[in-house]
Each structure stands twice: as structure tokens, then as C-alpha cells.
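Enquirer: need a 3D model of the following:
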Amino acid sequence: MYQPRTYRHWIKDTDLVSFNVVVGETDLHIRACCNLKNEARESVRKHRAPLEDYIRSHSLFLASLQPCAVENHAPDIVKEMTEAGRLANVGPMAAVAGAIAESVGKDLLAYTPEVIVENGGDIFIQTVRTRRIGVYAGSSPLTGKIALEIEPAETPLGICTSSGTVGHSLSFGAADAAIVLSSSTALADAAATAVGNRVKTVDDIAAAVELAQSIEGVIGVVVIKDDKMGLWGKVKIASSVES
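Expert: Next comes the predicted model:
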């Protein structure tokens, strides 16, 4: 079921061109130095096609909630999602939004020095100036009050969010937001799912942060439940949602 992505209206700067691309279940909001809608659409189709073909003949890959093995000749995006699931100890589809966001973003870097690809709260970013990424955490009082400050030297970077209270993505937890940073957007996506699954109450925040620390490749995490927040790693919190 589609849910309005109202957080997209928070963007306040005007130095990049914004456009949306929708192909099947993939709904991207992209910002770049010029309008690359056609190039982005073709990129989405290019990366979705082998993934869809693989899923049609490998039902376990689609349904598994645990890491699973794939063949050496599997498509690159399938292997990337599988490795992310293995590292985070979740099913490979937990990495799909991040994997597509990064794949499309890297393709678009052939046309623009900066790109931000957001796919249902999962972000791939390459920037040449400091950016602020607003934190959306549902009904938490922290929603819209804080942002992550990202420096150019930290990019390309994946910033992915899992929530048990917002959206339709599968979560076994009740975190308002579990945000993970990694150089691999697929891994950030899978790890955010794992971390979010760990949170049922505010008392679980510390354990969820520790879990994030244990996942190889994760460089930062923010966990929000109600009015409480835990964080670790390369995370700089700012007090504005301006991107």
C-alpha cells in the first residue's frame, strides 16, 4: 500500500534539481545538478530487470528472513544484497531499497558531480558541500527537530532508516527510527532492519546500538524510540532539518 512521503517536502535548499522516478515498486526522489529523470528511469530498469528475473526463479531469495546463499553467477545486485543480509543477519530483501538507490546513484554520477537518491527513507548521497539530512521518526517528538550533518569527505555514503511505526516495510520491532550509516547503502539498509528489529521499548535502545556496532561495515547509527535517542560512530547531529 502506498504511503505519502511527506518528509520529501522538508527539502529547503535550491542548489540541486529535484525529480521523482517511479518504476514498479521503486519510488525514487532524486536531487542532482540537472534533471536526469530519463537517465534515472533507465538505470532503475537496468538494475531491476536482473533482480526480478532472479526472484522469479528463486522464491527463497524473495521470502527468506534469514541470510541465504546464491550462485556465483547470480546478478551483481543479488550478490550485493546477499552479502549485506549475511553481515546484518537478515534476509537479502532487507537490502533491496538501499541497493537500488546506490546502483542508480552511481550510474547518475556519470552526468552530475552531486547526487542524492532517496528510496523510501533509504539514501545514497555523493555531495561536494555540507548537507543536512532531516530525521523523520513518525510520532516521536524528535521528528523534524534534528538532522544528520554530512560532509563531502564522508561521501559516497548510504544513510538508511527502518521503522516499526512508520511505513509498510517489514519490521519486527517498534523503533520510531533506526538509522544506519555505511559506505555500502545495501548494508546500511539491511543493518537498519536488524537494528530496528531489536527495539521494542526505550529500554532496548542501548542493545540496538551495540548490535549496530557489531556489524562489519557499519560506521554510525541513530536509534529513536519515543523521546529517547541513542547514537554511536560517525554521526554529527544538527538542530535543523534543512538539507
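Enquirer: and the strands in the protein?
Expert: Chain-ordered strands for the chain, with DSSP state E as the definition, fall at 17-23, 26-32, 115-119, 122-126, 131-134, 147-150, 157-162, 177-182, 218-225, 228-233, 237-238.
Enquirer: pLDDT averaged over the last one, what's the number?
Expert: Mean pLDDT, computed over strand 237-238, is 91.
Enquirer: out of the strands of the chain, which is closest to Asp189?
Expert: Across those, Asp189 has its closest neighbour in strand 157-162 (4.2 Å, C-beta to C-beta). Heads up, the C-betas are built off the backbone N, CA and C, glycines and all.
Enquirer: so how far is the helix ranked longest in the chain from its chain's centroid?
Expert: Taking residue count as the measure and DSSP state H as the definition, the longest helix of the chain comes out as helix 37-57. Helix 37-57 has its average C-alpha position 18 Å from the chain's average C-alpha position, going by C-alpha atoms, centre = their mean, to the nearest Å.
Enquirer: who does it touch, helix- and strand-wise?
Expert: Counting contacts by 3 or more C-beta pairs under 8 Å, 6 or more residues apart in numbering; DSSP states H and E, the secondary-structure elements packed against helix 37-57 are strand 17-23, strand 26-32, helix 59-63, helix 76-88, helix 96-108.
Enquirer: what helices or strands is the second one leaning on?
Expert: Meaning strand 26-32. strand 17-23, helix 37-57, helix 96-108, strand 115-119.
Enquirer: list of residues touching the third one?
Expert: In this structure, residues lying in contact with helix 96-108 by C-beta atoms under 8 Å, 6 or more residues apart in numbering are 26, 28, 30, 32, 36, 39-40, 43-44, 46-48, 51, 77, 80-81, 84, 115-126, 156, 158, 160, 169, 184-190.
Enquirer: lowest-confidence helix or strand of this protein?
Expert: Comparing every helix and strand of the chain by mean pLDDT, DSSP states H and E singles out strand 237-238 as the least confident one, with a mean of 91.
Enquirer: thank you, goodbye.
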